[in-house]
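In: fold the following, please.
(chains A and B)
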Amino acid sequence: MKDPYEILGIPRTASPEDVQKAYRRLAKKLHPDLNPGNKDSEERFKEVSGANDLLSDPDKRQRFDNGEIDASGTERPHQRYYKDYAAEAAAGHPYENRSGYSDFAETDDIFAELLRRQEQQARRAPGSELHYGLSVEFLDAVNGAAKRVTLPDGGTLDVTIPPGIENGQILRLRGKGAPSRGEGKAGDALVEVSIIPHRFFSRHGDDIHIELPVTLAEAALGGRIKVPTPTGPVLVTVPKGSNTGSTLRLKGKGVPRRGGHGDEFVKLKVMLPAEPNPELEAFLSKWTPGTSYDPRGDMQP
Amino acid sequence: MNITKLEFLDQAQINGETLEVWIREEWLVPSGPATEPIFSEADLARAKLIRDLRQDLGVNDEGVGPILSLVDQLHSLRKILADLLQSMRDQSALPDVGASKNLE
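Out: Model prediction:
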């Protein structure tokens, strides 16, 4: 790691103004956006701005001078400059400017041909992509739905939510983006889906999980109970002697996927009556369940 | 990725008034309607360049426009050069210049 004073070319006694002056002098020369394609100046600019970050902060500078911190870690993390975007931009982007080369285009050679082709490309370039976010109800995401989105400019967008869509998935609507600046096709609209969590369903991959409260009697004696699924309630048999944490699997009641459905897992949760119940209390006070009933048996220290 | 106006102001560390001036001067050309402009990451990087120019490189407001215009022309020229080199490498893509040349 080079010495930051050395990088900026200033003595250790330099005043804050000197630091700023030295930094600006170098930045003017080395700024990556004024030297596109020059790897060397980009590297040096990174060093220079790192040195400036260290020395322009009185606290950091003092700690560096006292030897409490060294110059490592002062390099700024890799930053993308405008030039990086400009180099990747497709023909016809808004900042394109090659009005300055029309003099070449009047001649009849490769260069002129290229310019003409590029101009054509720019004219035919499709419009840019527009990004939108769409909140989707949990059940709509599982079962699929058709949604109409109102856009900021007042227009609308019809979006078909395919069954089983996942949170964060992006739907591409061809031709629903920005119009072309020339004669090209309109760009695409990209709609990022965020799924609103459900009150009692949750989703893990293609499976649906639900915690289902049951009465003490339903758990102990078994019975047929109604269980909600994403496509509506179904009757399910709770086996005799079920307990909190017992899980039932409803095959094919999960999220649609290629070639079938996931499953729904129903985790039972035994609930006592919300109100105190004198009969139950009277029964329990007389009830002797025997020595094997010790739910904390394996928790002995 | 798209950036809304509020996110853009926050990330570019400028205020709304400044942004309006920059758009009016066409230093920035966001997409979307003027009431609800949408910015790209390229716009954000460009805003940071404008900020660097004005804050660190001592360029005054009058100077920003001409510099951006030259930077834009430079990038277009670099693109043309890259394409030219590409078509020279890719001989089959060379336009048939000889045939169309008509010397009288």
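
In: only C-alpha atoms for contact and neighbour calcs from this point on.
Out: Will do.

In: residues in contact with A:Ala145?
Out: A:Thr160, A:Ile161, A:Pro162, A:Pro163 (CA atoms under 8 Å, 6 or more residues apart in numbering or on different chains).

In: can you put those residues in a markdown table and add distance to chain B and secondary structure?
Out: Below are the contacts of A:Ala145 laid out as a markdown table (distance: CA to the nearest CA, whole Å; DSSP: H, G, I helix; E, B strand; the rest coil):
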| residue | distance to chain B | secondary structure |
| --- | --- | --- |
| A:Thr160 | 22 | strand |
| A:Ile161 | 21 | strand |
| A:Pro162 | 23 | coil |
| A:Pro163 | 25 | coil |
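
In: which among those residues gets closest to A:Asp298?
Out: Nearest to A:Asp298 among those is A:Pro163, at 44.7 Å by CA to CA.

In: so which of the contacts of A:Ala145 is the most crowded?
Out: A:Ile161 (18 neighbours; other CA atoms under 10 Å in any protein chain shown).

In: and the helix ranked longest in chain B, does that touch chain A?
Out: Scanning chain B for the helix with the most residues, using DSSP state H, yields helix B:61-89. Yes: on the criterion CA under 8 Å from any CA of the partner chain, helix B:61-89 is in touch with chain A at B:Ser69, B:Val71, B:Asp72, B:Gln73, B:His75, B:Ser76, B:Leu77, B:Lys79, B:Ile80, B:Asp83, B:Leu84.

In: mind listing what's buried in that helix?
Out: Buried residues in helix B:61-89, counted by 16 or more other CA atoms under 10 Å in any protein chain shown: B:64-65, B:68-69, B:71-80, B:83-84, B:87.

In: next: stretch A:222-229.
Out: For stretch A:222-229, by 16+ other CA under 10 Å, it's A:Gly222, A:Pro228, A:Thr229.

In: how about stretch B:19-39?
Out: For stretch B:19-39, by 16+ other CA under 10 Å, it's B:Leu19, B:Trp22, B:Trp27, B:Leu28, B:Val29, B:Pro30, B:Ser31, B:Gly32, B:Ile38, B:Phe39.

In: straight-line length of that stretch, end to end?
Out: One end of stretch B:19-39 sits 12 Å from the other (CA to CA, to the nearest Å).

In: thinking again about what came up before, just the buried residues of stretch B:19-39: which has the poorest pLDDT?
Out: pLDDT across these is lowest for B:Gly32, at 74.

In: tell me how far that residue lies from A:Glu192.
Out: Between B:Gly32 and A:Glu192 the computed distance is 17 Å (CA to CA).

In: now A:Phe283
Out: Taken as CA to CA, the span from A:Phe283 to A:Glu192 is 56 Å.

In: cool, B:Ile38 as well?
Out: 15 Å.
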